[in-house]
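Novice: Starting from these lines, generate the structure:
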Amino acid sequence: MSSDDTTDARLDESTAWVVRRTEVHVHQHATLAEQLTLTTFCGGLGRRWAERRIHVVGSAGAHYEVASIWIHLDPSSLRPLGLTEQFIELYGEAAGDRVVKASHQLPKSADDGRRLAWPVRAVDFDTQRHMNNAAYWAVIEELLAERGRPPRLQAVIEYGAGITLDDEVSLEVADNEERTTVWWHTPSGVAATGSIR
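Specialist: Predicted coordinates:
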């Protein structure tokens, strides 16, 4: 949906974007065959990043709110790059005066959570050898199945250095009454952190 929006806006595609954080609020789950309407807009701006929000409502009462922080990158160096005047002109009005931060907010590690093996699959990688974000969300779905899916929930994933096809990955999972937190560990450190509450 985000790429459709930027294509319709004729945004210069010579730069690159990578997701730093995605947060999903489920107010009411959708039912089978429910008609959904999605609306997307810019939720705020930073110096080198922007927030895209997606509002989902259903014909039977389904309601989801999704917010993702996207980092703007130089495609050659893959270093963060300031937002272009074209981008600010296109999305600044929707963003208003809202300023968003790209810093990680979840804890770095629990060091006392249970450890689980997590297989890395070739099917989870794109042609740039980047692990698809949906593969990380599969872990959230597994944890929800384990603890029971509440009628309302908030789930967040903050992406770090990422995972390569050659990495050995393990999950560290810490549970308390308020939330379940998961860390994707690789030999080089924590690749991502997720939270459900």
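Novice: ok, the closest residue to V26 other than its chain neighbours - how many residues close by?
Specialist: In this structure, V26 finds its nearest non-sequential neighbour in L153, 5.0 Å apart by CB to CB, 6 or more residues apart in numbering. In short, each C-beta sits where N, CA and C put it, glycine included. Using other CB atoms under 10 Å, L153 has 16 other residues around it.
Novice: Identify the bridge partners of the residue nearest to the spatial centre of the chain.
Specialist: Residue closest to the average C-alpha location in the chain (CA atoms, centre = their mean): T22, at 2.7 Å. Residues found in beta-bridge contact with T22 (criterion: DSSP bridges) are S68, I157.
Novice: residues in contact with it?
Specialist: 66-69, 133, 156-157 (CB atoms under 8 Å, 6 or more residues apart in numbering).
Novice: If we use 10 Å, what do you get?
Specialist: T22 makes contact with 52, 54, 66-70, 133, 136-137, 155-159, 194 under the criterion CB atoms under 10 Å, 6 or more residues apart in numbering.
Novice: Can you tell me which of the residues you listed are buried?
Specialist: 52, 54, 66-70, 136, 155-159, 194 (16 or more other CB atoms under 10 Å).
Novice: Tabulate those residues in CSV, adding columns for pLDDT.
Specialist: Shown next, in CSV, are the buried ones among the contacts of T22 (pLDDT from 0 to 100):
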residue, pLDDT
R52, 96
I54, 96
V66, 98
A67, 98
S68, 97
I69, 97
W70, 95
Y136, 96
A155, 97
V156, 98
I157, 98
E158, 97
Y159, 96
G194, 97
